[in-house]
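Visitor: Generate coordinates for the sequence data below:
(2 chains)
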Amino acid sequence: MRESSSPLAGLRRRVARIAASGGPPGARADGWLASGHAGFDAALGGGLAVGRVHEMFADSLDAASAAAFAALLALRGGGTAPLLWLRTADAARQGGHLYAPGIAELGGDPDRLLLVETGDAKALLAAANDALRCPGSTAVVVESRGRLPALDLTAGRRLALGARDAGTVLLLLRLGAEPVPSVAETRWRIAAAPSRELEANAPGAPAFDLELLRWRAGPAGARWRLEWNRDDQAFRDAALSGAVLPLAPRRALESRGAEAA
Amino acid sequence: MALADARAQVLGLRVVPHDPALDRDWLDRLAQGCARYTPLVALDPPDGLILDIAGAAHLFGGEAALAADVEARLERTGMTVRSALGPTADAARALARYPAPPAPDEAAAIRRLPVAALELDAEATRALARAGLRTIGDLASRPMASLAARFGAEAAEALRRLLGDAPSPLAPRLTPPPVAAERRFAEPVASTPHAMGVLAELAGEAIETLAGRGKGGRDFRATFFRSDGLARTIAIETGAPTRDAALVMRLFAERIDALRDPIDPGFGFDMMRLAVPRIEALGASQLRLEGGATRAPAMDELADRLATRLGRGRVRRYRPADTHIPEQAQLELPAIDAPPPQAWPAPAPGEPPLRPFWLFDPPQPIEVIAEVPDGPPHRFRWRRATHAIRRYEGPERIAAEWWRRRDNRGLTRDYYRVEDDRGRRYWLFRHGLYDEKPDPRWYIHGLFA
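Guide: Below is the predicted model:
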């Protein structure tokens, strides 16, 4: 068939245009927020993709764990790029103030933290849109509690486009909320996990239970239990204390990870 | 006159309650508009403005022409204006407020003012009139000492100020900025994009002046003067001194973009001014050897942009404070004027985090069951749920800052790091030792990662 036949040429042009504009959702991103845990990063093809929206769900009692996981992913490994943390003014009353000495204790640099407080959920999303469009941040974390009806599909799409255009990462912390359909690249459920016991029965380094609920670019359902190692600035496998991890989805992912690595 | 009398005399009289704050606001807006004549504009509440036009009158074709221009422009806003020129602020104010018979010059006019122009209390004014002293000239011809003896030092001082023998300083609404650039237009400019173009030129001029002095601007104010006498000021701030015209213009664009009420050109702007009220030393920046400028501090620029868009108090940074009371160990400051970063206390290697990620301030009360009164908590109840404690570490004893208290006391806190059976980690404390207080309360102070 000749190349110049009009429908085919039209389609080719369209494909070229889409490819030039950054590709369809799920195209390769140009960077990752890596965790430092080889298995986790390999399974996700490098970590949480930059230029995308990632949703993290947590029970309200596990809120601090989910928030710390987001902060650690963004602040890990030095650098000077700021981490933007957006929350509403009543979040401090409900969940507590972000505590900079605690971030320093986790090995993060509190000087990189920029807190943005807004009046209500609508202003929060507007500020998130503005913050996303400012390149130069390591990540934008939007902390919300409850259902957040202002974040409908249109608002989510706008956030995703903003993140893609500016090459920033948006971590949506949905505390005390249930997952609903959205345009997020990955969707996680995060909970606190029992820590490795230190001497005299003292609680050890922070541990997290992670469940990948959805991933646009691959299979979901994998679970990890990771522990944060401050001295190495990386996550590592937590001690398996009693809880058994389902192995099937992990194995399926590992073969994928090996091929990506 | 009572309101009922007034209503009886004028049919359909409209009555509005007096709002002094709104009046003051309007006066301030008029003063802002008058900044086109001179940067030294002072408010004379409730209904006066004093302009220091020294060195500015020739720009408007002389004092009389300037006064006529002021009157015409203010009358366009619906005000009734009475103006007067005087050698001192007090003299001009008295001449405008108190009708005096025409006089050949200012000095003579002041002498012909009624004694009420001294604005003494009613009793003193009446006493002056009873003594046969009707004008300022009458008073000025008497010896000052006898005047002070009879009517008080205040009267003598007021007279000397009016005659120009004592200084009558002016407290301008805004102090003149160290660097400013302005442009007047022959024809009013009605399009905002054009005005922004002019603003960019003004920014270039101001920055050239700044560069000549080795300074950078922290605060930029653009004032758009409308031809009908009102003005609108748009201000931006930066966290560090800057001489980057592109950055300044970007911030102005952000600010104007985020305005709830857009700039209304009305019948057009006939003057624009860019003032830099706050300048700080800024050395020449060095380019990198391999070409290109050194990396701009991304953090500062991002903070400036967000603060410009969302409001200066909304974007904050953390700074350490030197205290061991946990809730006072951090300061949350507006990012724009946060002091330079200081080192945070470094954690000891190999230790788990000893401070929580989230902190409750104030701490939230909980109910705790401990095996022995002085011992670690066994289980606790918080937000209507019971948590069984599996691991704990503590107590970490933090004493009150008794040296700052008048009674040199304060309760000691015993902090425990605990983990419940689901792996959640909390920071609890008992407020008070058992020998300090009979039944100390327990609180939750933070959540660990």
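Visitor: Mean pLDDT per helix and strand in chain B: which one sits at the bottom?
Guide: helix B:298-310 (a mean of 79; mean pLDDT, DSSP states H and E).
Visitor: got the angle for the helix or strand following it vs helix B:298-310?
Guide: Note on helix B:298-310: by DSSP states H and E, the next helix or strand toward the C-terminus is strand B:315-320. If you take axes from the mean of the first three to the mean of the last three C-alpha atoms, to 10 degrees, strand B:315-320 sits at 130 degrees to helix B:298-310.
Visitor: Report all helices and strands that strand B:315-320 contacts.
Guide: helix A:100-105, strand A:113-118, helix B:298-310, strand B:330-334 (3 or more C-beta pairs under 8 Å, 6 or more residues apart in numbering or on different chains; DSSP states H and E). All C-beta atoms are positioned from the backbone trio N, CA, C, and that covers glycine.
Visitor: can you rerun that using 7 Å?
Guide: Here strand B:315-320 touches strand A:113-118, helix B:298-310, strand B:330-334, going by 3 or more C-beta pairs under 7 Å, 6 or more residues apart in numbering or on different chains; DSSP states H and E.
Visitor: What's the mean pLDDT across it?
Guide: Averaged over strand B:315-320, pLDDT sits at 91.
Visitor: quick check, distance from that strand to the centre of its chain.
Guide: Computed by C-alpha atoms, centre = their mean, to the nearest Å, the chain-centroid distance of strand B:315-320 equals 21 Å.
Visitor: try stretch B:32-40
Guide: On C-alpha atoms, centre = their mean, the centre of stretch B:32-40 falls 19 Å from the chain's centre.
Visitor: repeat for stretch A:146-160
Guide: 16 Å.
Visitor: Just the terminal-to-terminal distance for stretch A:164-180.
Guide: One end of stretch A:164-180 sits 21 Å from the other (C-alpha to C-alpha, to the nearest Å).
Visitor: do stretch B:100-116 as well
Guide: Terminal residues of stretch B:100-116 are spaced 11 Å apart (C-alpha to C-alpha).
Visitor: in it, what's buried?
Guide: Of the residues in stretch B:100-116, B:100, B:106, B:109, B:110, B:111, B:112, B:113, B:114, B:115, B:116 count as buried by neighbour count, 16 or more other C-beta atoms under 10 Å in any protein chain shown.
Visitor: which among the residues you listed gets closest to residue B:13?
Guide: residue B:116 (29.4 Å; C-beta to C-beta).
Visitor: So the closest one sits against residue B:125, correct?
Guide: Yes: Residue B:116 lies in contact with residue B:125 (C-beta atoms under 7 Å); the separation is 5.8 Å.
Visitor: what's the closest of the buried residues of stretch B:100-116 to residue B:35?
Guide: Using C-beta to C-beta, those come closest to residue B:35 at residue B:106, 24.8 Å.
Visitor: Relative to residue B:372, how far out is the closest one?
Guide: Per C-beta to C-beta, to the nearest Å, residue B:106 is found 90 Å from residue B:372.
Visitor: Give me the neighbour count for the closest residue to residue A:181 other than its chain neighbours.
Guide: Distances taken as C-beta to C-beta, 6 or more residues apart in numbering or on different chains place residue A:153 nearest to residue A:181, at 7.4 Å, with adjacent residues excluded. Residue A:153: 11 surrounding residues under other C-beta atoms under 10 Å in any protein chain shown.
Visitor: and stretch B:380-398, which residues are buried?
Guide: B:380, B:382, B:387, B:389, B:390, B:391, B:392, B:393, B:394, B:395.
Visitor: Contacts for it, please.
Guide: A:197, A:201-203, B:324-325, B:364, B:366-368, B:376-379, B:412-421, B:428, B:442, B:444 (C-beta atoms under 7 Å, 6 or more residues apart in numbering or on different chains).
Visitor: What average pLDDT does that stretch get?
Guide: On average, the pLDDT along stretch B:380-398 is 91.
Visitor: Can you classify residue B:159 as helix, strand or coil?
Guide: Secondary structure, DSSP: H, G, I helix; E, B strand; the rest coil: residue B:159 is helix.
Visitor: isn't it right next to residue B:120, touching?
Guide: No: judged on C-beta under 7 Å, residue B:159 makes no contact with residue B:120 at a distance of 9.7 Å.
Visitor: who's more crowded, the two?
Guide: Ranked by neighbour count (other C-beta under 10 Å), residue B:159 and residue B:120 place residue B:159 first, with 23 against 19.
Visitor: what about the closest residue to the more buried one other than its chain neighbours, distance to chain A?
Guide: Nearest non-adjacent residue to residue B:159, counting by C-beta to C-beta, 6+ apart: residue B:139, 5.7 Å away. Relative to chain A, residue B:139 is positioned 59 Å away (C-beta to the nearest C-beta, to the nearest Å).
Visitor: What's the local residue count around residue B:429?
Guide: With other C-beta under 10 Å as criterion, residue B:429 counts 26.
Visitor: What residues does the residue nearest to residue B:159 make contact with?
Guide: Going by C-beta under 7 Å, 6+ apart, the list of residues near residue B:139 reads B:115, B:133, B:147, B:159.
Visitor: Now the host helix or strand of it: buried residues?
Guide: Here residue B:139 is covered by helix B:136-140, with elements defined by DSSP H and E. For helix B:136-140, burial by neighbour count (16+ other C-beta under 10 Å) applies to B:136, B:137, B:139, B:140.
Visitor: Is it correct that the last one is in contact with residue B:162?
Guide: Just to be clear, that refers to residue B:140. No: shown here, residue B:140 and residue B:162 do not form a contact pair, counting by C-beta under 7 Å, at 8.9 Å.
Visitor: Okay, and residue B:246 sits in which element?
Guide: helix B:245-258.
Visitor: what do you get for residue B:271?
Guide: Using DSSP H and E, residue B:271 falls in strand B:269-281.
Visitor: Direction included, what does that strand pair up with?
Guide: Next to strand B:269-281 in the sheet, as set by DSSP bridges, lie strand B:179-189 (antiparallel), strand B:215-226 (antiparallel).
Visitor: Out of the ones you listed, which is closest to residue A:221?
Guide: strand B:215-226 (53.2 Å).
Visitor: ok, is the next helix or strand after that closest one in contact with chain A or not?
Guide: The helix or strand immediately downstream of strand B:215-226 is strand B:231-242, counting by DSSP H and E. No: interface with chain A: strand B:231-242 contributes nothing (C-beta under 7 Å from any C-beta of the partner chain), its closest point being 10.8 Å away.
Visitor: where's strand B:231-242 relative to the chain centroid, distance-wise?
Guide: Strand B:231-242 has its C-alpha centroid displaced from the chain centroid by 13 Å (C-alpha atoms, centre = their mean).
Visitor: Mind checking which of the contacts of stretch B:380-398 are buried?
Guide: A:202-203, B:366, B:368, B:376-377, B:412-420, B:428, B:442, B:444.
Visitor: Pull the most distant pair out of the buried residues of helix B:136-140.
Guide: B:137 and B:139 (7.3 Å).
Visitor: Looks like residue B:323 contacts residue B:345 (just checking).
Guide: No: between residue B:323 and residue B:345 there is no contact under C-beta under 7 Å: 11.2 Å.
Visitor: State which helix of chain B is the longest.
Guide: helix B:192-213 (DSSP state H).
Visitor: Against which helices or strands is that helix packed?
Guide: Against helix B:192-213 (3+ C-beta pairs under 7 Å, 6+ apart) you get strand B:179-189, strand B:215-226, helix B:245-258, strand B:269-281.
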